[in-house]
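Provided below for reference: sequence and predicted model.
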Amino acid sequence: MSIDAMRRDFDHGAFDESDAHSNPIDQFKRWFDDAVAANKGEWFEPNAMTLATVDSAGFADARIVLLKSFDHNGFVFFTNYSSIKGDQLIDHPHATLVFYWPILERQVRVRGTVAKTSIELSDAYFASRPRGSQLGALASDQSSVVSNRKTLEDKLAALDKQYTDSPIPRPESWGGYRLAANSIEFWQGRTNRLHDRLRYTLETDSSNWSIERLAP
């Protein structure tokens, strides 16, 4: 089948204003819980999201990261502060998150301002990670050029031996970010490409959100 012939219709459900929660974070929780329940631990990570940033020259960049928590204060993820994404967030501390749950024919876009989480939160999450993930964060200067894979594996082995009998410290260059949303759009696939799109926008100098329907 040629690429231009690849298509399917969407008929899983609908998303009407009458069904929408007045607060987008509570609405996101509904949909996130639906994704977790639908997945049943089988074939995708419901907390996987595309993180889109922009560099100092104005070029857009994107990659998949994992959401680790969310509440009314924002969406939290963890990474290397000295990575490409970290450098971009220094220049432009704004980003977009995109969640796509194909089994439910749903997508969520979250736009907002990004800031580092507290040291305490970064320490607590790092301590909760599997030992191998802790060592990997310490071994890798994320986004830097390496000569070959063996260089990384040798560094990992040396660190494994170094911290055999002691806790692995969180690298200062590794920690959390929180995206505080000012716009969240919920997309539900519908037949004939007449998808449901409801966008929540945070009102200026207010904790209230307006809701509007967008054309698909």
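Cool, got the structure. Numbering: from 1, shown residues only.

give me every residue that touches Phe78.
By C-beta atoms under 8 Å, 6 or more residues apart in numbering, the contact set of Phe78 is Lys68, Ser122, Tyr125, Phe126, Trp174, Gly175, Gly176, Tyr177. For the C-beta atoms, the positions are set from N, CA and C on the backbone; glycine is no exception.

relative to the whole chain's centre, how far out is whatever helix or strand it lives in?
Counting by DSSP states H and E, the element that carries Phe78 is strand 74-80. In terms of C-alpha atoms, centre = their mean, to the nearest Å, the centre of strand 74-80 is found 7 Å from the chain centre.

again with stretch 135-145
20 Å.

straight-line length of that stretch, end to end?
19 Å (C-alpha to C-alpha, to the nearest Å).

and the next element down the chain from the strand holding Phe78?
helix 84-91.

rewinding a little: buried members of the contacts of Phe78 into ChimeraX, please.
Buried residues among the contacts of Phe78 (16 or more other C-beta atoms under 10 Å), as a ChimeraX selection:
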select :122,125,126,174,175,176,177
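
output the contacts of Phe78 as CSV; include the columns pLDDT and secondary structure.
Output for the contacts of Phe78, formatted as CSV (pLDDT from 0 to 100; DSSP: H, G, I helix; E, B strand; the rest coil):
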residue, pLDDT, secondary structure
Lys68, 98, coil
Ser122, 97, helix
Tyr125, 96, helix
Phe126, 95, helix
Trp174, 95, strand
Gly175, 97, strand
Gly176, 98, strand
Tyr177, 98, strand
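
among the contacts of Phe78, which one lies nearest to Lys85?
Tyr177 (8.8 Å; C-beta to C-beta).

would you mind listing where the protein has pLDDT under the threshold?
For the chain, the stretches flagged by pLDDT under 70 are 41, 43.

that one: helices as residue ranges?
In the chain, the helices defined using DSSP state H lie at 24-39, 84-91, 119-128, 131-139, 149-162.

contacts for the first one?
The set of residues that contact helix 24-39 without belonging to it, under C-beta under 8 Å, 6+ apart, is 20-21, 46-47, 70-72, 99, 101, 103-104, 106, 108, 110, 181, 184, 186, 200, 209.

report the angle between that helix and strand 74-80.
60 degrees (axes from the mean of the first three to the mean of the last three C-alpha atoms, to 10 degrees).
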